[in-house]
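Q: no FASTA, just this:
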């Protein structure tokens with residue numbers, strides 16, 4: 001999906017959504033001052049007006065820095081669009097690529113990917129800003145038997 005994005009802004013948004021598990025409101029309201037370039041985290045105001053930090057990868061940092069170097073308008077806000085603009089961009093990419101996606105599908109994918117890589121459900125809950133462990137369990141239920149078997153073999157006493 002990121003390869004089909006037309007511009008650096010859209011690539012940065014997609015990469016940040018995938019890396020961080022942010023909600024649409026959270027990503028739409030990021031300010032430059034919210035980014036900690038040293039720790040690759042962004043401070044966001046989440047659901048219930050609660051502050052938390054969301055992680056992102058080095059590749060996302062590079063996309064963000066490239067975008068900001070050429071497109072930052074100095075008003076504090078990172079993007080030159082809001083919630084609706086982000087939704088519209090993702091709908092267009094979804095239609096163009098045939099890959100079903102919306103902002104929340106990145107959040108679900110964030111939880112599943114971390115679970116597949118062996119993070120505990122509790123770690124995922126904290127990283128994604130979920131208050132209810134049941135929500136994380138709901139997302140990670142899509143993990144396959146093969147994923148579970150891989151984790152089992154890694155910790156098996158016979159290995």
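A: Everything's here; your move. In this text the structure is predicted, and so the values were computed from the model without any measurement. Numbering: from 1, shown residues only.
Q: for this protein, what spans make up the helices?
A: All helices of the chain, identified by DSSP state H, fall at 8-20, 24-28, 58-71, 83-97, 103-116, 121-128, 133-140, 145-155.
Q: Any idea which of the ones you listed gets closest to residue 36?
A: helix 58-71 (10.2 Å; Cβ to Cβ). For every residue, glycine as well, the C-beta is placed using N, CA and C.
Q: per-residue confidence averaged over that closest one?
A: Averaged across helix 58-71, pLDDT comes to 94.
Q: Only the buried residues of it, if you could.
A: 60, 61, 63, 64, 67, 68 (16 or more other Cβ atoms under 10 Å).
Q: so who does residue 64 touch?
A: Listed by Cβ atoms under 8 Å, 6 or more residues apart in numbering, the contact partners of residue 64 are 12, 16, 35, 56, 78.
Q: switch to 6 Å and redo it
A: residue 12 (Cβ atoms under 6 Å, 6 or more residues apart in numbering).
Q: so how many other residues sit close to residue 49?
A: The local packing of residue 49 (other Cβ atoms under 10 Å) involves 6 other residues.
Q: And residue 109, by the same measure?
A: By other Cβ under 10 Å, the residues close to residue 109 number 16.
Q: Quick one, grab the pLDDT at it.
A: So, for residue 109, pLDDT stands at 85.
Q: how about the nearest residue to it, chain neighbours excluded?
A: Residue nearest to residue 109 in three dimensions, not counting chain neighbours: residue 18, with 6.6 Å by Cβ to Cβ, 6 or more residues apart in numbering.
Q: Give me the distance between residue 86 and residue 39.
A: Relative to residue 39, residue 86 is positioned 24 Å away (Cβ to Cβ, to the nearest Å).
Q: Give me the more crowded residue out of those two.
A: Applying other Cβ under 10 Å to residue 86 and residue 39 shows that residue 86 carries more neighbours, namely 22 against 10.
Q: ok, that one - contacts?
A: Counting by Cβ under 6 Å, 6+ apart, residue 86 touches residue 28.
Q: do the same with residue 94
A: Contact partners of residue 94, counting by Cβ under 6 Å, 6+ apart, are 100, 101.
Q: coming back round to it: how near is the residue nearest to residue 109 to residue 78?
A: Distance from residue 18 to residue 78, by Cβ to Cβ: 16 Å.
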